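Undergrad: sequence and predicted structure below; questions after.
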Amino acid sequence: MAAEIELSEARTTLDELGFTSPNSLLELYVQQTNTLDQALNKSGYSEETQKLIKLYLVAILAISSGARRIKSEGAPSGASRTFEYDPNALDNLKSAIRSIDPKGCAESLLPKIKLSAFSMWSEAANVKFIELVLHRKSHALAG
């Protein structure tokens, strides 16, 4: 029988990697990895390797759909949180999963597109860009 992963394990893995993803999506990622059970059963991989494949795959699915890495958090009522996108995180996890899954059980679920650094701008960068454009427009109109 293939190793099972729980939502709590997937959440812990993402948290420890520093990424955030909504529970509703995380549940679907866990369900998606369970579609590999038949292939994993036939693979001969140990239960630990099967579990690792599934946890890596959940992280890959979350990151490829826009999960953000928490860069810093503030608090005592000036609550702030900044995020960053690591363009290498997805490639690193794909390499890790391929190294422990030489039979390619998870290959069909790995994202085929490569995210560019441009598509991974942080929300803060988008806001700053918009502010810059508006600032330039207001100066152009004033002058």
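TA: The structure has been received and is ready for your questions.
Undergrad: in the protein, which helix or strand is least confident?
TA: Taking mean pLDDT, DSSP states H and E as the measure, helix 123-142 is the helix or strand of the chain with the lowest mean score, a mean of 55.
Undergrad: list the buried residues in the helix or strand that contains Glu16.
TA: Under the criterion DSSP states H and E, the helix or strand holding Glu16 is helix 7-17. Within helix 7-17, the residues that count as buried by 16 or more other CB atoms under 10 Å are 10-11, 13-14, 17. C-betas here are computed from N, CA, C, even on glycine.
Undergrad: and which of those residues is nearest Ala39?
TA: Distance ranking of the buried residues of helix 7-17 against Ala39, using CB to CB, places Ala10 first at 19.3 Å.
Undergrad: once you drop chain neighbours, what's closest to that closest one?
TA: Closest residue in space to Ala10, ignoring its immediate chain neighbours: Val58 at 4.6 Å, by CB to CB, 6 or more residues apart in numbering.
Undergrad: residues contacting the one you found?
TA: Val58 is in contact with 5, 10, 13-14, 26, 29-30, 33, counting by CB atoms under 8 Å, 6 or more residues apart in numbering.
Undergrad: all strands of this structure, in order?
TA: Across the chain, reading from the start of the chain, the strands by DSSP state E fall at 19-20, 68-73, 81-84.
Undergrad: skipping adjacent residues, who's closest to Glu47 in space?
TA: Using CB to CB, 6+ apart, the nearest residue to Glu47 is Ala3, at 4.5 Å.
Undergrad: low-confidence ranges in this structure?
TA: Under the criterion of pLDDT under 70, the regions of the chain flagged as low confidence span 66-75, 81-87, 113-143.
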